[in-house]
Structure formats: structure tokens, C-alpha cells
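Peer 1: Kindly generate the corresponding structure for this input.
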Amino acid sequence: MSDTPDTPKTGAEPATQATAQARPARKPAPGGAPRDRAKSSRRRAREFALQGLYEWQLNRREASSVDANIRELEEFSKCDRAHYDALLHGCIDQQAQLDEALLKFLDRPVDELSPVEHAVLWIGAYELTHCLDVPYKVAINEAVELAKGFGGTDGHKYVNGVLDHLAPSLRPDEVKAARPR
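Peer 2: Numbers count the residues shown, from 1 in each chain. I've put the predicted structure just below:
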């Protein structure tokens, strides 16, 4: 005998589609888009800059060639292009200065960092140094999120520790005001 819609259900049987549909829907985030799926244009810029810096480290091609490749990627148009340009070109142009600032807080030589962690640290250090419109906690958090999304298992913890130690030397007043005594 087949199970038809008229067949009575007992508590031990799986829920029907009608029961599943009777559950209340999740309330959408303000603006209608789900929170976990929405990415800001700045976050996208950081992700594209990370991909470009990764490519640049591995291939050592001209920055303009790397930039051209990244601009062809799907959804590039949704990123903050000015922030992307500042991050990609700024990190490449200032890699020696960024490495020097980071070196004090690293537990290994720079050339032993994974390319992802290295690029994420460059982005974090660059934002802490040059993007004063980005609060230092946001710069660190965004770097940690990049490391979680693209890096190794515990790379985000390493990135967090390094940038948390770097921030007071780059933004002493902001860090002092934010941290309890």
C-alpha cells in the first residue's frame, strides 16, 4: 500500500512538506539581503587585492599585469575600486617598508610565511598605516576574516596576534583610547 496524502501520519513519521512550509520564515536583514551573504564593496576590494598579491608573490609579474587579470574576474565590478587600487599597488610598492614594520612581531623570517598570510599581513599593515578612515579594529578584523577565508587552519590567529601588536606603534592614540587601562 502506498503512502497517499490522505493517509494519517503518526508522530514517528517524517514531517511533510506542508509541515515544513508552516514554519515561520527567517526575518531578512535590513535592506532585504541576508547578512551572511552580503559583502561590502570594501571587503570585496580586500579579497581581490589578496588574490592579486598572492599572484604577484608567486609569479613576480608586473603589477599592471596582475591588476589586469584581477579586473577580469567575475564580480570585480562590485568592489570598491579605489580601495582595491590602493591596497594592491600600495602593498606592492611598499612591500619592503611593510615587511620591516611587521618583522618585529613575526616569530619567523618573512620568507617562511605562507603567501596568503604574508599578503593578508601586508593588507592589514597597509590599512593601519595609510587608511586612517578605517578604524584599527576594523582593519585587524578584516585581515583576520581574509585569513579565515583564504588561509590555513590557524593562520587567522597568527594574523590577529601580529597586527594586534603592530597597531599600537602605527596608531598609538586610537589604540590607547580604545583599550581599557
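Peer 1: Any idea which residue is closest to the centre of the protein?
Peer 2: Nearest to the geometric centre of the chain sits residue 146, at 2.8 Å (Cα atoms, centre = their mean).
Peer 1: Pretty sure it sits against residue 127.
Peer 2: No - using Cβ atoms under 8 Å, residue 146 is not in contact with residue 127; the gap is 11.0 Å. Placement of C-beta: from N, CA and C, glycine included.
Peer 1: Run through the residues that contact the residue nearest to the centre of the chain.
Peer 2: Taking Cβ atoms under 8 Å, 6 or more residues apart in numbering, we find residue 146 in contact with 46, 47, 50, 120, 123, 159.
Peer 1: Check which element follows the lengthiest helix in the chain along the chain.
Peer 2: If you go by DSSP state H, the chain has its longest helix at helix 41-59. Proceeding N to C from helix 41-59, the next assigned helix or strand is helix 63-71, under DSSP states H and E.
Peer 1: May I see the buried residues of that next one?
Peer 2: Neighbour counts using 16 or more other Cβ atoms under 10 Å place 66, 67, 70 of helix 63-71 among the buried residues.
Peer 1: and which of those residues is nearest residue 79?
Peer 2: For the buried residues of helix 63-71, the minimum distance to residue 79 (Cβ to Cβ) is 9.4 Å, reached by residue 70.
Peer 1: Which pLDDT value goes with the closest one?
Peer 2: Residue 70 is assigned 97 on the pLDDT scale.
Peer 1: if you skip the residues just before and after it, what's nearest to it?
Peer 2: With sequence-adjacent residues excluded and distances taken as Cβ to Cβ, 6 or more residues apart in numbering, residue 70 is closest to residue 52, at 4.6 Å.
Peer 1: residues in contact with the one you found?
Peer 2: When contacts are counted by Cβ under 8 Å, 6+ apart, residue 52 touches 66, 67, 69, 70, 88.
Peer 1: In TSV, list the buried residues of helix 63-71 along with distance to residue 172.
Peer 2: Listed next are the buried residues of helix 63-71 as TSV, based on distance: Cβ to Cβ, whole Å:
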residue	distance to residue 172
66	34
67	33
70	34
